[in-house]
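> Compute the structure for the input listed below.
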Amino acid sequence: MLLGLAGASISQAASPYLPVPITATSYNQDAIVESNATPRLDVVTTATVDQGTNNGANTWFEQGYDVANPGNGLPPANTVFAAQDNANYSFRTPPTYVGPNGILIDTVVTSGTFTLTTPAAYTLLSFLGSGGNGGDVIGVRVNHADATFEVGSFGCPDWFGGTGIAFTAGGRCQSPVTFTTETDGANPRIYFRDITLTNTTSPVTSIVLSYASGNANSHNDILGVSGATTLGGPVGPIAVTGYTYDFVVEAAAAKRGRVTSQVIVDGTNQWATTITMDNELNTGFCFYEKGHDFNMINNGPVNPTNPVVVAIAQASGIPVHGSTFTNASGDHAYTMAPDYTTNDVVWLSPVITNATITLVTPQAFTALSLLDAAGNGPVFPTVIVHHQNGNSETNSVKIVDWFDSSPPIYIPNGRVAADSGQWSQQTFQTNGADRLFATDFLVADTVSPVTSIDLVYTNTGGRAGVFALAGNTGPVTPIFTQQPTGTNTYAGNPISFSVSVIGTPPFTYQWQKGTNGVYANLSNGGNISGATTATLVINPANYFADAADYRVIVSNGGGSVTSAVATANLISTLTDVTQPGDPITFFGGGLFGDGAVANAIDNNLGAKWGANVNLPANVGCVVTPNAGATLVTGLRLYTANDAPERDPLTTDWKVRSMAERVTL
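Down below sits the predicted model:
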């Protein structure tokens, strides 16, 4: 029998699952990186060349950071160097690589200002910079001491492959997640780009840089400026202030490598884990303890202006070792392993096919709950519960993948790669992606104390970890073993929704219908039957009245649970409004590429919507507006060909669509 907690939400007081202490020998692998493991996940940049203020992917590093290639990287801070492609030009690297060392210009940060430490007159200005993901055109406004100004622009090329090179770094690194370096003798590059001044007598006081045009995904880093005081004369560094972001990983920044434990055995650091959620080789991603995300130390969080990001980073990770936590519903509580520097999980995999959880104190239960998650799951272990009277009972449970969409019991909001120290960007997602779940199952013998639980691996792939055990001694709130599923069908056909539950009988059922998030109880009559049973039937289903969301509340002496929502998408049986060959014209522009107006409507769903669409033949998609069900008198659809820049999911498309909606 397949059991497990599946989408249940508690709506009444229920018998709680309380922590069940298990012996230290029950834990057979170390799958959690402890808070004091190294390397710490500190962040030493606030922007990157590849991702701007998102501060991910690739950026610059200072010479000396890549120990194996000490000549790679940017020259040390505050170093004067001659331009590679023109010895008449010289530049100075930013004053520091620990703080802001560049001006970021992109579609998000659209301007920045260099202020000259000592105003002076110039005939030419030359800017030191590069762009990621293509580069952009940068607008320039030069302000003079006599209150005049002049404008110009320059192209800031992509840091790979351009000409007019000031310096070739020969390598870059990933920031802030891994800081691993990659070597390329010819790239990345910093360029110099000139503008000629017309006012050559009044001193320049400041230079305003702004986004002019380019690629929406590119980000430009302006590292400095030089100038010439005479036509054709040498171009030398200009001392300026106004750097806004830290793009450069300094040479002294912590090197990334395998996460190691602070516990030293035989004089050497030991790995912080023996297994990961990704594989049995102890590489890839695993959970980490609260406190290991060291984001707030040294240079602050990735985006210090976002308090939500800051709060999530500080709170991310698995609960502290030995601590007890209760889920949001208050019906499940677990105590974590007492020590994360040693074995801290009960593990099953193709390599470790059997494990035993031994209770410190045998106790009788009506149900048990595993705090668990699977990697490359789900995993379906056999669970054998042993009792003090010598009896045993067998169940099969489902442990879902740690990225599964099922309701979680705990969201760590972060994970780390054990082999590289790579911190996952999931820390910045309020919903998280890596998760822990509760797998509940009934105990048939509720009188004889449980002494131990055997777990037997039955999969051909994937792995699972049990992090804690909880038990219930009272009536067991219903547990869904089958959730209702949505349906797509023509109006006039019958539809039905069914659930299955286990727990302490008897059970009562109440189906509800939801429109725009508001649910009301259903009752039998007309085309409705089974409103208070495990199966709801609507026969026939009406196009307008019955196209809705459906759920069921199941109750017993232990409490009530609400099922997942199932949606009935009812398709009109009326003839298509549009048909191939209909006269079609365009307005406000033309079509792109090889598109033709006549091909806009061709009912070729296999090519336009994908060959595996599980809908009737005359349906391309089902749209559910956030505004809810709306009666319209007119509808205009803007469509596009298969190219990212023509994706309807753009601000312009959404604004126009909303403007065209007409309601009664």
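> can you give me the helices for the protein?
Taking DSSP state H, the helices of the chain run over residues 307-315, 605-608, 651-660.
> Quick one: mean pLDDT over the last one.
Averaged across helix 651-660, pLDDT comes to 34.
> Also the second one?
Confidence over helix 605-608 (mean pLDDT, whole number) is 46.
> From the chain's centroid, how far away is stretch 495-514?
Offset of stretch 495-514 from its chain centre (Cα atoms, centre = their mean, to the nearest Å): 34 Å.
> now the end-to-end length of that stretch.
One end of stretch 495-514 sits 16 Å from the other (Cα to Cα, to the nearest Å).
> By mean pLDDT, point me to the weakest helix or strand of this protein.
helix 651-660 (a mean of 34; mean pLDDT, DSSP states H and E).
> quick one, what contacts S213?
136-137 (Cβ atoms under 8 Å, 6 or more residues apart in numbering). Using the backbone N, CA and C atoms, a C-beta is placed for each residue, glycine as well.
> which residues does the residue in the chain sticking out farthest from the centre contact?
Distance from the centre of the chain peaks at T201, with 53.9 Å (Cα atoms, centre = their mean). Contact analysis of T201 by Cβ under 8 Å, 6+ apart lists A121.
> Repeat that for R189.
130, 157, 159-162, 165-169.
> buried subset of those residues?
The neighbour-count test (16 or more other Cβ atoms under 10 Å) marks 130, 157, 159-160, 162, 165-169 as buried among the contacts of R189.
> can you list the domains in the chain?
2-37+273-472, 58-249, 479-571 (automatic domain parsing).
> Can I get the ones you listed in a markdown table including distance to G52 and mean pLDDT?
Formatted as a markdown table, the domains of the chain follow (distance: least, Cβ to Cβ, whole Å; pLDDT from 0 to 100):
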| stretch | distance to G52 | mean pLDDT |
| --- | --- | --- |
| domain 2-37+273-472 | 11 | 85 |
| domain 58-249 | 4 | 94 |
| domain 479-571 | 36 | 93 |
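> Could you provide the ones you listed in CSV, with additional columns for distance to T45?
Listed next are the domains of the chain as CSV, based on distance: least, Cβ to Cβ, whole Å:
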stretch, distance to T45
domain 2-37+273-472, 8
domain 58-249, 5
domain 479-571, 42
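> from what I can see Q270 touches N282, true?
No. Taking Cβ atoms under 8 Å as the definition, Q270 is not a contact partner of N282, at 11.4 Å.
> For those two, indicate the residue with more neighbours.
Higher neighbour count among Q270 and N282: N282, with 19 against 16, using other Cβ atoms under 10 Å.
> Against L368, how distant is the closest residue to Q270 other than its chain neighbours?
Spatial nearest neighbour of Q270, excluding adjacent residues (Cβ to Cβ, 6 or more residues apart in numbering): S261 at 4.8 Å. Separation of S261 from L368 (Cβ to Cβ, to the nearest Å) stands at 31 Å.
> which one of those two has more residues nearby?
In this view S261 and L368 are compared by other Cβ under 10 Å, and L368 has more residues nearby, 23 against 20.
> who's in contact with that one?
20, 385, 440-441, 443, 450, 453, 469-472.
> For PyMOL, what selects the buried ones among those residues?
A single PyMOL command selects the buried members of the contacts of L368 (16+ other Cβ under 10 Å):
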select buried, resi 20+385+440+441+443+450+453+469+470+471+472
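> Out of the contacts of L368, which comes closest to P494?
D440 (33.1 Å; Cβ to Cβ).
> What is the neighbour count of A57?
17.
> Settle this for me: it is touching Q174, isn't it.
Yes. Between A57 and Q174 a contact is recorded at 6.4 Å, counting by Cβ under 8 Å.
> How about the contacts made by the closest residue to D401 other than its chain neighbours?
With Cβ to Cβ, 6+ apart as the criterion, D401 has its nearest non-adjacent residue at 3.7 Å, and that residue is G377. Counting by Cβ under 8 Å, 6+ apart, G377 makes contact with 399-402, 404, 462-464.
> Quickly note the distance from G377 to G461.
9 Å.
> Same check on E280?
11 Å.
> what is in contact with those two at once?
In contact with both E280 and G461: P350, using Cβ under 8 Å, 6+ apart.
> Comparing the two, which residue is more hemmed in?
E280 (16 against 10).
> so that one touches W347, yeah?
No. If you go by Cβ under 8 Å, E280 and W347 don't touch, sitting 9.2 Å apart.
> what is in contact with those two at once?
What both E280 and W347 touch, as defined by Cβ under 8 Å, 6+ apart, is the set R463.
> H386 and L455 touch, don't they?
No. Using Cβ under 8 Å, H386 is not in contact with L455, being 12.0 Å away.
> of the two, who's got more company?
Using other Cβ under 10 Å, the more surrounded residue of H386 and L455 is L455, with 25 against 20.
> what about the strands in the stretch 51-200 of the chain?
58-61, 80-83, 86-92, 103-105, 111-120, 124-132, 135-144, 149-157, 165-168, 171-174, 181-183, 189-196 (DSSP state E, counting those that start in this stretch).
> which one of the buried ones among the contacts of R189 sits closest to S90?
A166 (9.3 Å).
> so who does the closest one touch?
Per Cβ under 8 Å, 6+ apart, neighbours of A166: 81, 83-85, 89, 91, 128, 189-192.
> at 10 Å what do you get?
81-86, 89-91, 126-130, 189-193, 223-224, 226 (Cβ atoms under 10 Å, 6 or more residues apart in numbering).
> now swap in P76 and tell me
62-64, 93, 97, 250-251.
> again, 8 Å this time
So P76 contacts 62-64, 93, 251 (Cβ under 8 Å, 6+ apart).
> Redo these as a markdown table? Include distance to H219 and neighbour count.
Converted to a markdown table, the contacts of P76 look like this (distance: Cβ to Cβ, whole Å; neighbours: other Cβ atoms under 10 Å):
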| residue | distance to H219 | neighbour count |
| --- | --- | --- |
| E62 | 19 | 24 |
| Q63 | 23 | 19 |
| G64 | 25 | 15 |
| T93 | 19 | 24 |
| A251 | 23 | 18 |
